[in-house]
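K.L.:
Pasting the sequence and the predicted coordinates here, then a few questions.
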Amino acid sequence: MRALYFFPLLLLPAWGADLKDPSEAEVKEIIAKFANKESEFAKARERYTYRQSLKMHELDDRGNVTGKWEVVADVLFSANGKRTERVVRAPVPTLKGLIITPEDEADLRNVQPFVLTTKDIDKYDVRYIGREKLDEISCYTFSVKPKKLEHGMRFFQGQVWVDDKDLQIVKSYGRGVGQQKKGSDQQFPKFETYREQIDGKYWFPTYTIANDTLVFKDSSVRIRMSVKYEDYKYFGSDVKVTFGETLDPAKPATPPKKP
């Protein structure tokens, strides 16, 4: 996003005192295995339909909404099996201090529901941090950042939590990064994306939240954003897949409970 003219999100404390850290060799093996699992998940998700609902609010100093950007779209398959996106609802944006850029739209599609596959793993520096529990899930925690920013490419930079049994990402926290054109003044919010297990096998993104202040050269804009991914259905199946409680975008998300 760029201006017209954080609140910092709290991470859960480490609960890994009773969890043994893997050796350096084991860490390398874990990274390779979870990248492979993420590749499997990425292919599987391409066979699911779902609804994606975005709400972004500009806020004043008192927290009152001064502008909105909302889009509801269904990711579907056409009669010939081609993947497509159908916009269900998209009111005219009323944002006053921001302009939505192609980079923002790229982050919405590919960075916020971050997937780290074997195809992309070599583009990132992945560093083991430690072990934590999210709710009742025992996780490996990794720092992730791009090794090199490439022209026209968007990347994730932050942390991911990987289920130590399923070896899939269950939470990510960070922001989208990329090269900016000379003289450009774009800023991107920190976000958290949570996943939930769908069909008992893969962990799918189910909501993303951001509550941040974007600081530009000549102004700052406070934003609150939520993205829901819901109604996952396997293509060709009449069975509707359901998952946990849906996020109310008007309320801050409740982080997983401490064990």
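P.N.:
That came through fine.

K.L.:
so where does the closest residue to Val177 other than its chain neighbours fall, helix or strand?
P.N.:
Of all residues not flanking Val177 in the chain, Gln157 sits nearest, at 4.7 Å (C-beta to C-beta, 6 or more residues apart in numbering). Where you see a C-beta, it was placed from the backbone N, CA and C, and this is true even at glycine. For Gln157, the host element (DSSP states H and E) is strand 155-163.

K.L.:
follow-up on the earlier one: I'd say the residue nearest to Val177 and Lys147 touch.
P.N.:
No - counting by C-beta atoms under 8 Å, Gln157 does not reach Lys147; the two are 11.0 Å apart.

K.L.:
Tell me which of the two has more neighbours.
P.N.:
Regarding Gln157 and Lys147, a neighbour count based on other C-beta atoms under 10 Å identifies Gln157 as having more, with 20 against 11.

K.L.:
Quick check: beta-bridge partners of that one?
P.N.:
Following DSSP bridges, Gln157 is listed with bridge partners Arg175.

K.L.:
Just list what the helix or strand where Val144 lies packs against, helices and strands only.
P.N.:
Per DSSP H and E, Val144 falls inside strand 137-146. With contacts taken as 3 or more C-beta pairs under 8 Å, 6 or more residues apart in numbering; DSSP states H and E, strand 137-146 sits against helix 24-45, strand 124-134, strand 155-163, strand 169-177.

K.L.:
Apply 6 Å and report the result again.
P.N.:
Contacts defined by 3 or more C-beta pairs under 6 Å, 6 or more residues apart in numbering; DSSP states H and E place strand 137-146 against strand 124-134, strand 155-163.

K.L.:
Most tightly packed of these?
P.N.:
For these, the stretch with the most neighbours on average is strand 155-163, a mean of 23; neighbours defined as mean count of other C-beta atoms under 10 Å.

K.L.:
and the angle for that strand with strand 137-146?
P.N.:
Taking axes from the mean of the first three to the mean of the last three C-alpha atoms, to 10 degrees, strand 155-163 and strand 137-146 form an angle of 160 degrees between their directions.

K.L.:
so how far is Trp69 from the nearest residue to Gly174 once chain neighbours are set aside?
P.N.:
The spatially closest residue to Gly174, leaving aside those adjacent along the chain, is Gly158, at 1.6 Å (C-beta to C-beta, 6+ apart). Per C-beta to C-beta, to the nearest Å, Gly158 is found 23 Å from Trp69.

K.L.:
Name the nearest residue to Asp163, ignoring sequence neighbours.
P.N.:
Once its chain neighbours are removed from consideration, Asp163 has its nearest residue in Val170; the separation is 5.1 Å (C-beta to C-beta, 6+ apart).

K.L.:
Quickly list what the closest residue in space to Leu59 that isn't next to it in sequence is bridged to.
P.N.:
Nearest residue to Leu59, sequence neighbours excluded (C-beta to C-beta, 6+ apart): Arg222, at 4.5 Å. Beta bridges link Arg222 to Leu59, Thr213 when assigned by DSSP bridges.

K.L.:
Over to the one 5 residues further on?
P.N.:
When bridges are called by DSSP bridges, Val227 pairs up with Leu54, Thr208.
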